[in-house]
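*Asks:* structural data only, the sequence is not supplied:
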């Protein structure tokens, strides 16, 4: 019973798989500027003549002047100086019957082989993963689908692996999410390939501990310094994700006026977790951000990688009401002298203490020395005038 059933079904199967026509070559890959001659060959059962056929490329009819009647069952078309494919999936070359019916089709992949990928670089967020990015070689556009594959392995042992997770949906980036070796160098490279060829980047060798970055401080606090109208204090905590690692963090601060888009960067913060900003504008709102660089994790001699900037924190400097003479009655000679000396002091601070400055007693003593010299000079001038 079963063989008989197969014999009854076979003619129908053969009929359903019979093609009306075929195009040769099928789905070719071609360099930009090249020419192509394709042939549409009819099946004997089609009942059509080749002179009845026509061609389209991406839905647009191809001029009959480029046709060639090869035989009653075959019609060719010749395309010259092909441009890069309009779509990554290839250009559609289609053979039609005289009634517009699609008889056969082929995809043309017209483009360029990939050039050597460049600028491969990697970093690790808190030693938990490895994130890499690169740039395509040349102009980057190959006009046909090109695969970029990041490969890596341990330098002295271990098998080759491929990175399969894209990084933030970026085309030229990838994420190795887990199972990293912290004390053995890695070798990494990028392979680019498409139907026209392939290329490989230079080999990158790195140790995970040399490329660690971390999260920015998330508890940045900005506050006033008493009544000082040109200063703000910034405080933050070291990155908790690296609390179990031996490292020497360093920090950077940047700040800007509320109505400005320009940031001023303070580079000399070092590894302290607080900073005094001086030389600011009185009665003004400032936005402040901090970022971290974990230097020398477990003794690494490579410079660390800066984190992103923290979320902006804001505070305003006090208004200089005492400079406007509104604090004390004008009749008090002592208070007038105090206001005058305070004005001199803050003017001296603005001149000598800018950026991140520790307002220490030593600075105050320096001002007092300068003020005494100034008083002695004025008294000497008055004595000279009286004489």
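*Replies:* It's in. None of the values given here were measured: they were computed from a predicted structure. Numbers count the residues shown, from 1 in each chain.
*Asks:* only C-alpha atoms for contact and neighbour calcs from this point on.
*Replies:* Will do.
*Asks:* how about the helices in the stretch 201-350 of the chain?
*Replies:* Here the stretch 201-350 of the chain has its helices, by DSSP state H, counting those that start in this stretch, at 333-352.
*Asks:* so where is it shaky, pLDDT-wise?
*Replies:* The stretch 201-350 of the chain contains residues with pLDDT under 70 at 321-350.
*Asks:* which stretches in it count as strands?
*Replies:* For the stretch 201-350 of the chain, applying DSSP state E, counting those that start in this stretch gives strands covering 204-206, 212-213, 221-224, 232-235, 248-257, 264-270, 274-278, 285-295, 313-316.
*Asks:* among those, which comes closest to residue 132?
*Replies:* For residue 132, the closest of these is strand 204-206, at 10.8 Å, according to CA to CA.
*Asks:* list the buried residues of the closest one.
*Replies:* Neighbour counts over strand 204-206 (16 or more other CA atoms under 10 Å) mark 205-206 as buried.
*Asks:* and what of stretch 33-42?
*Replies:* Buried-residue list, stretch 33-42, by 16+ other CA under 10 Å: 38-42.
*Asks:* repeat for stretch 124-131
*Replies:* 124-127, 129-131.
*Asks:* any idea how far the closest residue to residue 316 other than its chain neighbours lies from residue 231?
*Replies:* Leaving aside its chain neighbours, residue 316 sits nearest to residue 285 (4.0 Å; criterion: CA to CA, 6 or more residues apart in numbering). For residue 285, the distance to residue 231 equals 11 Å [CA to CA, to the nearest Å].
*Asks:* settle it for me: which of these two has more neighbours?
*Replies:* Counted by other CA atoms under 10 Å, residue 285 and residue 231 do not tie: residue 231 has more neighbours, with 28 against 17.
*Asks:* residue 173 and residue 190, how far apart?
*Replies:* Noted for residue 173: a distance of 10 Å to residue 190, by CA to CA.
*Asks:* who's more crowded, the two?
*Replies:* Relative neighbour count places residue 190 above the other of residue 173 and residue 190, with 26 against 22, counting by other CA under 10 Å.
*Asks:* what sits against the more buried one?
*Replies:* Contacts for residue 190 (CA atoms under 8 Å, 6 or more residues apart in numbering) come out as 117, 120, 148-151, 200-202.
*Asks:* related to what we said a few turns ago, looking at the buried residues of stretch 124-131, which are in strands?
*Replies:* Residues of the buried residues of stretch 124-131 located in strands (DSSP state E): 124-125, 130-131.
*Asks:* okay, those residues in a markdown table with pLDDT and distance to residue 242 next?
*Replies:* Formatted as a markdown table, those follow (pLDDT from 0 to 100; distance: CA to CA, whole Å):
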| residue | pLDDT | distance to residue 242 |
| --- | --- | --- |
| 124 | 93 | 12 |
| 125 | 90 | 10 |
| 130 | 94 | 16 |
| 131 | 94 | 18 |
